[in-house]
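A.B. asks: Have a look; sequence and predicted model below, questions after that.
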Amino acid sequence: MRTPHNFLLHLNESILPELTEATARRWMVHAGYKFGSWRKDVYVDGHERQDVVEYRKVFCSTWLSLSERMASFSGEAMDILESPNDVSQKQVVWVTHDESIFYANDDGEMKSILEETIVAAGHVCLFFPKYHCELNPIESYWGAAKRHARSNEDKILPHKNC
């Protein structure tokens, strides 16, 4: 893959030892390379590409077949759990997050060994936000410490250097 880092490695190992990555980047720009992040476009009514329309048909039929393997809730309070009819297949669990839309990076992004191992074992690997307080224990501890400090302001002794 043509990246500044790989270009730098090639130059340092083969041509010019001790070349910096910034210099390698400048040389690549001079040679015509452009750097930037790839972003997907959003399609609105009437402006959808034909391949997106075709994929939606495949996605919808796949979704319907998977929905037969999902548990669902019913009742006024959504408190009645209805299990899937066919228990011979693995159950599919539908996980949503705040009606957000997440896009996959279809540009050949590398996976970590952890993710590859999980996927190879037949599971799905999802990564959560790094600093989300409910998912990161240290953030939970900081939150608890801040709440404790706020509720005990009158009991906290000032530090001698403050």
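C.D. replies: Here it is on my side, so go on.
A.B. asks: Show me this protein divided up by domain.
C.D. replies: Following automatic domain parsing, one gets these domains for the chain: 1-36, 50-103, 110-154.
A.B. asks: Pick the most buried one from the ones you listed.
C.D. replies: Of all those, domain 1-36 has the most neighbours on average by mean count of other C-beta atoms under 10 Å, namely a mean of 12. For glycine as for every other residue, the C-beta is placed from the backbone atoms N, C-alpha and C.
A.B. asks: Could I get the average pLDDT for that one?
C.D. replies: Average pLDDT, domain 1-36: 78.
A.B. asks: Where do the strands of the chain begin and end?
C.D. replies: With DSSP state E as the criterion, the chain has strands at 72-74, 80-82.
A.B. asks: Would you convert these into JSON lines that also reports mean pLDDT?
C.D. replies: Output for those, formatted as JSON lines (pLDDT from 0 to 100):
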{"stretch": "strand 72-74", "mean pLDDT": "82"}
{"stretch": "strand 80-82", "mean pLDDT": "80"}
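A.B. asks: Out of these, which is closest to R2?
C.D. replies: Of all those, it is strand 72-74 that lies closest to R2, at 48.2 Å by C-beta to C-beta.
A.B. asks: Take the strands of the chain and lay them out in a markdown table including distance to P4.
C.D. replies: Output for those, formatted as a markdown table (distance: least, C-beta to C-beta, whole Å):
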| stretch | distance to P4 |
| --- | --- |
| strand 72-74 | 50 |
| strand 80-82 | 53 |
